[in-house]
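1. Based on what follows, work out the 3D shape:
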Amino acid sequence: MKKVYVVLSKTGTSLSYLLQMYTKEPVPHCSFSLDKELYHMYSFGRRKPYDTFNVGFVHERPDKNVFGRFRNIRCEIYEVEVTNEQYRIMWNTTKSFWKNKESYKYNTIGIVLALFRFYPEIPDSYYCTQFVAYVLQKAGVAFTDKNYLEMRSEDFRNSPLLHRIYSGNLQEYWAQVKREE
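-> Numbering: from 1, shown residues only. Modelled structure (predicted):
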């Protein structure tokens, strides 16, 4: 058995503030990590910390890009135990996304429509919660009965399968768990 991690966070970006305002989610951004130290953390978001329009599939770390730009990032980290096969599927899915990262787009239309509870499937287009749910569901991790298109941060938080292991400042968490590179 292995463990993977769902990271809910709130950065200082304008989109983060807008999402929090409309959804009432305290930590609206969602990433998933294949390791507790968050070295292999993935999501859909800004590819460059100061470029609002260059968005898509991203490899995130607490000390780099958008997370490295802000120092006071609130987060909640959830752990879920998976089989070795589920872990392998998640790793392979992530590698496939990375290999084809330029073909995936941020689901801007979908995130706006989600505010009205409308969830169209737009090929090769995701926003953060959709991506994390997609990867988990593709691996057969039954953490919710919702379709990945309908996922919100609260759905991860309220899942009985996910266990919260940390709530607080992301950089403080990372300072405690990071390993020497």
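
2. Please make it C-alpha for all contacts and neighbour counts, starting now.
-> Noted.

3. remind me, longest helix of this protein?
-> With residue count as the measure and DSSP state H as the assignment, the chain has helix 84-99 as its longest helix.

4. That helix packs against which elements?
-> The contact analysis (3 or more Cα pairs under 8 Å, 6 or more residues apart in numbering; DSSP states H and E) places helix 84-99 against strand 2-10, helix 128-138.

5. closest to residue 114 out of those?
-> When these are compared for distance to residue 114 using Cα to Cα, the nearest one is helix 128-138, at 10.8 Å.

6. sorry, back to before: not counting its own residues, what contacts the helix or strand that the longest helix of the chain is followed by?
-> The element immediately downstream of helix 84-99 (helix or strand, assigned by DSSP states H and E) is strand 105-106. By Cα atoms under 8 Å, 6 or more residues apart in numbering, the surrounding residues in contact with strand 105-106 are 44, 45, 55, 56, 57, 124, 125, 126, 127.

7. so the one helix or strand in the chain whose mean pLDDT sits lowest versus strand 2-10, what angle?
-> Among the helical and strand segments of the chain, the one scoring lowest on mean pLDDT, DSSP states H and E is helix 14-23, with a mean of 71. Orientation check (axes from the mean of the first three to the mean of the last three Cα atoms, to 10 degrees): helix 14-23 against strand 2-10 gives 90 degrees.

8. Pipe the contacts of strand 105-106 into a markdown table and attach distance to residue 20 and secondary structure per row.
-> Rendered in a markdown table, the data for those read as follows (distance: Cα to Cα, whole Å; DSSP: H, G, I helix; E, B strand; the rest coil):
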| residue | distance to residue 20 | secondary structure |
| --- | --- | --- |
| 44 | 17 | strand |
| 45 | 15 | strand |
| 55 | 19 | strand |
| 56 | 20 | strand |
| 57 | 21 | strand |
| 124 | 25 | coil |
| 125 | 21 | strand |
| 126 | 18 | strand |
| 127 | 15 | coil |
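
9. Could you work out the most separated pair of these?
-> Taking Cα to Cα, the two most distant members of the contacts of strand 105-106 are 45 and 124; they sit 14.2 Å apart.
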